[in-house]
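**Student:** Any chance you could fold what I've pasted below:
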Amino acid sequence: MTIASEGSFAAAADKLGLTQSAVSLQMKALEEEFRTELFDRTMRRPAINANGRELLARASEVVRLYDLLPEAVSEPNDLAGSFTFGAVNTIMAGVLPGVLRRLQNAHPRLQPRVVSGLSAELVHMVDRGEIDAALVSEPPAKLDPDLIWTGLYGEPLVVVAPKGCEAKTDVQLLQELPFIRFSRSAWAGRLIHKSIRRRQIKVNQCMETDSLEAIALMVSHGLGVSVVPLRPIADPFPAPLCVIPFGENTVFRVIGMVSRVGSVHEKTQDVLAEMVRLTAAESARNNGITIVGGT
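**Tutor:** Residues are numbered from 1 along each chain as shown. Okay, the predicted model is just below:
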């Protein structure tokens, strides 16, 4: 399964922490056990053949059914077994710890596994069946029909600048100081880029990164200003900053969940979504941060 997802023996070996020869030997032993070739080795890079694809489909189904065994013997309102979902880094270091604590307290038999990445990468993983769901920024375009988007809450965009800049407006800060851009490879970065262009603000970009923590630290050292989402947590930035609204009409980065139509983990996904809403709303109230959505 790892070879199929990674595309080669070498990449699979790297992902599993094995040598390429060890992976090759395991695949050869599997072919001998089933008395059939599973890979086309006439190509420069061995590729899974028809027999291999059929075995992969059956094996994936076996793994899926095995993961559902704990649910079969659990109480109706109890969640159990493994559940793998993705989350972008700003959520991982934002509301997610609180969400996981709620899940652990309410459903101790559930085994959540979390992977991180950019929104687009995580949505592709959901689409390929590698993870069950993903907590991401709102997609900039319509998703495939097999995928479902559920909006959960919105974080306001704000301008962050070095301390001492409180007297200036957001436009003055963005046009006068070097601009540290939230990467446009991230969906939140695209939203920020479009919002700046819509307001016709001319910025002098000096760097671009997808790390909110890196942006905050660079701004705190006087290297420039940025536009970022304000997470509803006690310490949204790892350094003291000047934080002012981005425009009179607040723009929100919407956080939500992407899942597959007909997923066997629909109940768990619904619980996860509700706990994200509750955690974001509670944290926002406790820290005096205005968000949209939530409960």
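**Student:** Ends of stretch 234-249, what's the gap?
**Tutor:** Using C-alpha to C-alpha, to the nearest Å, the end-to-end distance of stretch 234-249 comes out at 24 Å.
**Student:** for the chain, what spans make up the strands?
**Tutor:** Listed in chain order, the strands found in the chain under DSSP state E are 39-40, 47-48, 81-87, 110-116, 133-137, 147-161, 178-182, 204-209, 226-229, 242-245, 252-260, 292-293.
**Student:** How many neighbouring residues does the nearest residue to residue 177 once chain neighbours are set aside have?
**Tutor:** In space, residue 177 comes closest to residue 225 once its chain neighbours are excluded; the distance is 4.6 Å by C-beta to C-beta, 6 or more residues apart in numbering. From N, CA and C alone the C-beta is placed, and that goes for glycine too. Taking other C-beta atoms under 10 Å as the criterion, the count of residues near residue 225 is 29.
**Student:** partner residues bridging residue 225?
**Tutor:** When assigned by DSSP bridges, residue 225 has beta-bridge partners residue 179.
**Student:** ok, now how distant is it from residue 241?
**Tutor:** When distances are taken as C-beta to C-beta, to the nearest Å, residue 225 and residue 241 turn out to be 10 Å apart.
**Student:** list residues touching both of those two?
**Tutor:** Both residue 225 and residue 241 are contacted by 160, 161, 162, 219, under the criterion C-beta atoms under 8 Å, 6 or more residues apart in numbering.
**Student:** Does the first one touch residue 238 like I think?
**Tutor:** No: with contact defined as C-beta atoms under 8 Å, residue 160 and residue 238 do not form a contacting pair (11.4 Å).
**Student:** any shared contact partners between these two?
**Tutor:** Residues touching both residue 160 and residue 238 (C-beta under 8 Å, 6+ apart) are residue 216.
**Student:** in the protein, which segments are predicted with low confidence?
**Tutor:** Along the chain, segments meeting pLDDT under 70 span 1, 4-5, 59-77, 294-295.
**Student:** just the helices in it please.
**Tutor:** Taking DSSP state H as the criterion, the chain carries its helices at 2-6, 9-16, 20-34, 50-72, 89-92, 96-106, 119-127, 170-176, 187-198, 212-220, 266-286.
**Student:** of all those, which lies closest to residue 44?
**Tutor:** With respect to residue 44, and counting by C-beta to C-beta, the nearest of the helices of the chain is helix 9-16 at 12.0 Å.
**Student:** Could you report the distance from residue 3 to residue 33?
**Tutor:** Applying C-beta to C-beta, one obtains 16 Å for the distance of residue 3 from residue 33.
**Student:** cool, residue 223 as well?
**Tutor:** When residue 223 is compared with residue 33 (using C-beta to C-beta), they lie 59 Å apart.
**Student:** In terms of packing, which of the two has more residues around it?
**Tutor:** residue 223 (16 against 8).
**Student:** quick one: contacts for that one?
**Tutor:** Residues near residue 223 by C-beta under 8 Å, 6+ apart: 178, 180, 206, 207.
**Student:** Can you go through those and name the buried ones?
**Tutor:** The neighbour-count test (16 or more other C-beta atoms under 10 Å) marks 178, 180 as buried among the contacts of residue 223.
**Student:** Using CSV, please lay out the contacts of residue 223 together with distance to residue 249.
**Tutor:** Listed next are the contacts of residue 223 as CSV, based on distance: C-beta to C-beta, whole Å:
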residue, distance to residue 249
178, 26
180, 23
206, 27
207, 28
